[in-house]
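Enquirer: 3D model of this:
(2 chains)
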Amino acid sequence: MGSLPVQAGGRIKPFDSYARDLVLQITGGRTFQGWDPVELTLSWLADPKGWEDKPFILITRKDVKRQLGLNETISKFSPKELFNESFMAEYANSMGGQGGMTAQATPIARTSKPDPRDEEVKRLFERVITYRAIVSGEAWLVIPSAPPTPWKPLGSPGQTASDFSTLPGKSIRDGFMKIFANYLNADRAGYDKGVAEAKAAIVGEMHGEWTESLSNKISAELFYNRVHPYQIAWIIYFLAALCWAASIWLSADGVSAIYGAKGTAAGVSPSAKTGKFFQNAALPLTFLGLSLHILGMALRCYIAGRPPVTNMYESIVWVSFGVMVFATILWFIQKNSILFSIATAMSAIGLIVSDAAPAMIDPSIHPLVPVLRSNYWLTIHVLTITLSYAALALTLGIGNVTLWFYLKGAEGTTEGTKKITMLNLLTYRAMQFGVVLLAAGTILGGVWADYSWGRFWGWDPKEVWALIALLGYLAVIHARFTGWMRPFGFAAWTVVAFTLVVMAWYGVNFVLGVGLHSYGFSTGGQSTVTVFVLGQMGYVLGVALSRRGRLAKAV
Amino acid sequence: MKKVWQVFWRISISLKFAVAVILGLTAALIVATVLESKYDTPTAQYWVYQTIAFYGLLGLLGWLILAVALSRLPWQKRHLPFLCAHLGILLLLYGSWLTFQFGIDGSMTVGEGKTESALELTDPLLVISDEGKVNTVPVPWIPPNADFKPIEVPTYGLRVAEFISRAESKVDFVPATGSLDLSAPAIRLKIAGGPSAPPFMRMGQETWIWGGDANWMRQQVGPAILAMAPSADPLAFSSKGPELSFRLDTKKSALLVSIQTADGKKTDLVFPFKEPKDLVGTVIKTGWKFDATATILEWIPKAMTDVKFAPARIQYGASAPSSAILLQTSETKASPASKIWLGLGDRATLDIPGADGKTKRVTLAYFPRRLVLPFGVKLEQFKIDRYQGTMNPSEFSSIVSVDGAATGEKVVNHPISMNEPLKYGGYTFYQASYIDAQPRPTTSVFSVNQDPGRWLKYWGSILLVLGSAWLFAMKYWKKKREVSIGNPLLKGNES
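Expert: Predicted structure coming up:
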């Protein structure tokens, strides 16, 4: 059933992807109570009575629930509650028909921001409308038409099954009727037969539109959805990070992180032997994770036909990949397994974050606005910028680990100082990559803007925050260069400076939400990101205080 | 003097001062983006990016970079990457200044099959034409949260007394004045239901009807039509439903009313008056459903329109409307001060007191500044593709031609699309947007500019990126050499 082609969101996609989008939109989750999205969508259509009083429609804001007279302690509501027991209908009326009186009563808006409560009410209406369209068959655009005419839906409100025979696409509708009937009767064989018939009928009606390449893309997308390579990748990355950490911990001198340091002492102590074992396991795991990561991105590229950096989800995945790339490059400069330990951990965190909040970080593949439809510019500008984020993310990781060593008092020993110096140097190298790429990416953005809009620099918030981040990192680099920042200060400021990247990357699109990069705007996650940033600041401050205490004691 | 210079120089090449300037710039930028988020782009531009202080900060940064480069004199080979990066920044700043100072940035709207040569620039302009002489007065746009300082135009004794950044017009009717007689009768009525009507109908609804303009002649209130005849001749009923038709009998000085009910019954009423205010408060029983009545709230036998502007409900963001100005003539013994509102794009005539004591008629226009190019661009065709099954555009482009009579260079059927501009006659034409229409849009909007700083900015960018990459790489190689010759433990600071 998942492989049936359907027209949605401006392209032809497998029904599986469409069902995932619908379930995500209505319930706010990737899945709902363990239901497969395809089956859930099918069940909504085939058995609307059964879903009448099951709570599954999401409302996020408390004030909206209060406004609608609903229970504020729960977040999902049944169609019955919404349609019969809330004030939703009244709201729909008042929002739809604005009379002269109400228009005049609207006060003068003092800012350009829409009220977030109104936005959520709007989203709720969209959820409800989508659910109704699924039940009525309107949302199922499965009857092909020659472009540019849109495909026709399976049904529309007020239509009954008996009307189907008189409408176009009879054989498709027959196939679907068979699917629904057999689904309700739990007749697997009949259901499969219905699916096969419906698919054959749709493909038959698509005539020239059904090509080998479309068929391959649909299969690829189905595979991508089912396997979810990023999820496996992060689990493996996580294991790899543990192995790297264990190998460092157990290595010959107990703390040395030099990989392949012709350990004369290695192989003597039993812990070093175990360390070697972990080290041997870590490298293949890392590359397995990386391969899956690349596979996922390659599939996405193939399905969408463009570089995978057009929204927050794709950029997080790409940055996680970039972290691995830079770790590998730096590894050739400084053969140090701590790099991979940090990079795999960061990539794992990145991939987890990208999958953690699908309602906020939308994982589905959407069509692009016209200005972005240039693979050349998209590749060189966006990939450069996001690669710089990756290099800077790596400095964040290394910086945090450096601070950890300070916290453990590594400064006091020769070994520890050596390690800190080395980590500092790695941070510096990664930061150099980051700064050059950030400057290049920002300027390339200017060149693109000049080329397609006719202005090189327009003080657009995204540009400005990229510039602020650049200035911030330049300040750090210059301060280290002139010696104002000692190794500790450098590590601490590296961590703090990443806040600027967070603002340029996330903040402009999700908090400020203005400017020409409007195609990436969304909302949500403020509290999580704030906690992250404050946590980082707290950590830096804590380490600084503990270090000061220790130094004072030493004197 | 020499000492002052020395101190100045020392500060100029101090890295600490440079970092302070960078931090100041960063703070200004943060404030600007927050303003832009809370209000909108023009507001942020006005408060931060277009201020002298901000330009001063950028200029100061440019000087510091120049000073630090000069301080390394005489330059040596090893300074090359450092000079490259810093020269890059200087070129970028200088190029941006050139663009700001001498660049042209406008937009051009062309319909299919039409030829256009005028660019519309953003800054508004008051154009005063007086017997062939044309004077222009710039009226710089300011955001709603800024204070407007009146602009004086002494030549005509005029002043731009008020400015509304985002204005909405409101039409009112006043007794006609002036020599130009465009007047017609106007009446403001309140239609309300009687006690048997539902509550919202009992509250009633007010409206103006005016005979001077087809748009105001007939107004629909609920199911009823109210009409005002432009002259003394009766106006035929326009419907078979409830209708109330007024006309002025100039000879008898009376307001004549014809009423038609839903069942087609007609009644005529006469309201004589000495002064127009005699009729204010008169209640006309219409005989319509719910005992509806029409109450005369204002009655002006010779009325003209009076357009006023007020701040719009939407004050910020892309959907906020354009600006409006209030012009005022100075008061003289011969004539009292007169006022007129002009919305962006409006024209009006105004009698102003001349030097010889006589009044002089001038034409006023409040328009975005326009620039006429020496050539015309013809839109042959506008094309749009949409994502299948949706109205979202996937691609749009224009096919244009330029006949080349003025420049000698012909362009035939050249495409301009989102990522494919056209360079012609020193200008670059970009596909900016289009005006949506059914069944398909046929009007294309180009953004057109001339940017003398472009090449400086490109070279600056290249130098900056290559210079800094080189700088970093050089340090790395140097370090590597040191390591290979057995430099002991590396310290955190490299030089």
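
Enquirer: least trustworthy helix or strand in the chain by mean pLDDT?
Expert: Answering for chain A, as no chain was given. Within chain A, no helix or strand scores below helix A:100-105, which has a mean of 35 by mean pLDDT, DSSP states H and E.

Enquirer: please refer instead to chain B.
Expert: Quick look at chain B via mean pLDDT, DSSP H and E: least confident is helix B:199-203, a mean of 73.

Enquirer: so after that one, what's the next helix or strand?
Expert: Using DSSP states H and E, the helix or strand that follows helix B:199-203 in sequence is strand B:205-210.

Enquirer: give me the sheet partners of that next one and which way each runs.
Expert: strand B:184-192 (antiparallel) (DSSP bridges).

Enquirer: residues in contact with the partner strand?
Expert: Contacts with strand B:184-192, where a contact means Cβ atoms under 8 Å, 6 or more residues apart in numbering or on different chains, come from B:173, B:201-213, B:216, B:221-222, B:224, B:226, B:228-230, B:244, B:246-248, B:255, B:292-303. (Each C-beta comes from the backbone N, C-alpha and C, glycine too.)

Enquirer: restricted to helices, list these.
Expert: The members of the contacts of strand B:184-192 that map onto helices under DSSP state H are B:Met201, B:Arg202, B:Met203, B:Trp216.

Enquirer: of these, select the buried ones using a PyMOL command.
Expert: A single PyMOL command suffices to select whichever of the ones in helices among the contacts of strand B:184-192 are buried according to 16 or more other Cβ atoms under 10 Å in any protein chain shown:
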select buried, chain B and resi 201+216
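
Enquirer: out of the ones in helices among the contacts of strand B:184-192, which is nearest to chain A?
Expert: For these, the closest approach to chain A (Cβ to the nearest Cβ) belongs to B:Met203, at 8.8 Å.

Enquirer: leaving out sequence neighbours, find the closest residue to the closest one.
Expert: Nearest residue to B:Met203, sequence neighbours excluded (Cβ to Cβ, 6 or more residues apart in numbering or on different chains): B:Ala192, at 7.0 Å.

Enquirer: now do that neighbour, the pLDDT please.
Expert: We note a pLDDT of 87 for B:Ala192 in this prediction.

Enquirer: next one: A:Val531
Expert: 91.

Enquirer: check the offset of the helix or strand harbouring it from the chain's centre.
Expert: Assigned by DSSP H and E, A:Val531 falls within helix A:526-554. Relative to its parent chain, helix A:526-554 has a centroid offset of 28 Å by Cα atoms, centre = their mean, to the nearest Å.

Enquirer: run through the neighbouring helices and strands of it.
Expert: With contacts defined as 3 or more Cβ pairs under 8 Å, 6 or more residues apart in numbering or on different chains; DSSP states H and E, the packing partners of helix A:526-554 are helix A:383-407, helix A:487-502.

Enquirer: closest to chain B out of those?
Expert: helix A:487-502 (3.8 Å).

Enquirer: which residues are in contact with the closest one?
Expert: With Cβ under 8 Å, 6+ apart, helix A:487-502 has contacts from A:389, A:392-393, A:395-396, A:398-400, A:402-403, A:406, A:411, A:420-421, A:423-424, A:427-428, A:431, A:465, A:468-469, A:472-473, A:476, A:479-480, A:485, A:529, A:532-533, A:536-537, A:539-540, A:543-544, A:547, B:492.

Enquirer: same thing but 7 Å
Expert: A:389, A:392, A:395-396, A:399-400, A:402-403, A:406, A:420-421, A:424, A:427, A:431, A:468-469, A:472-473, A:476, A:480, A:485, A:529, A:533, A:536-537, A:540, A:544, A:547, B:492 (Cβ atoms under 7 Å, 6 or more residues apart in numbering or on different chains).

Enquirer: what's the angle from that helix to helix A:526-554?
Expert: 170 degrees (axes from the mean of the first three to the mean of the last three Cα atoms, to 10 degrees).

Enquirer: these two touch, right, A:Met324 and A:Met346?
Expert: No: the criterion here is Cβ atoms under 7 Å, and A:Met324 misses it with A:Met346 at 8.7 Å.

Enquirer: break the chain down into its domains, please.
Expert: Unless you meant another one, I'm taking chain A. Here the domain assignment for chain A is A:5-96+A:114-210, A:368-554, based on automatic domain parsing.

Enquirer: wait, chain B was what I had in mind.
Expert: Here the domain parsing of chain B from automatic domain parsing is B:2-103+B:454-484, B:106-119+B:372-450, B:172-305.

Enquirer: how much space between whatever residue of the stretch 301-450 of chain B ends up closest to chain A and A:Phe125?
Expert: Proximity to chain A, evaluated over the stretch 301-450 of chain B using Cβ to the nearest Cβ, is greatest for B:Tyr387 at 2.8 Å. Separation of B:Tyr387 from A:Phe125 (Cβ to Cβ, to the nearest Å) stands at 23 Å.

Enquirer: between the two, which is the more surrounded one?
Expert: More crowded of B:Tyr387 and A:Phe125, by other Cβ atoms under 10 Å in any protein chain shown: B:Tyr387, with 18 against 15.

Enquirer: what's the span of stretch B:420-432, first residue to last?
Expert: The first and last residues of stretch B:420-432 sit 11 Å apart, counting by Cα to Cα, to the nearest Å.

Enquirer: which bits of the stretch 101-250 of chain B sit near chain A?
Expert: B:Asp105 (Cβ under 7 Å from any Cβ of the partner chain).

Enquirer: ok and the residue in the stretch 101-250 of chain B nearest chain A?
Expert: Proximity of the stretch 101-250 of chain B to chain A (Cβ to the nearest Cβ) peaks at B:Asp105, 6.9 Å away.

Enquirer: for that residue, what are phi and psi?
Expert: With angles defined as degrees, to the nearest 10, B:Asp105 sits at phi -140, psi 110.

Enquirer: so what's it bridging to?
Expert: With DSSP bridges as the criterion, B:Asp105 is bridged to B:Asn449.

Enquirer: around chain B, which positions in the stretch 401-550 of chain A sit nearby?
Expert: Contact residues, the stretch 401-550 of chain A versus chain B (Cβ under 7 Å from any Cβ): A:418, A:421, A:424-425, A:432, A:435-436, A:439-440, A:443, A:450-457, A:459, A:461, A:464-465, A:467-468, A:471-472, A:475, A:478, A:480, A:482-483, A:486-487, A:490, A:512-515.
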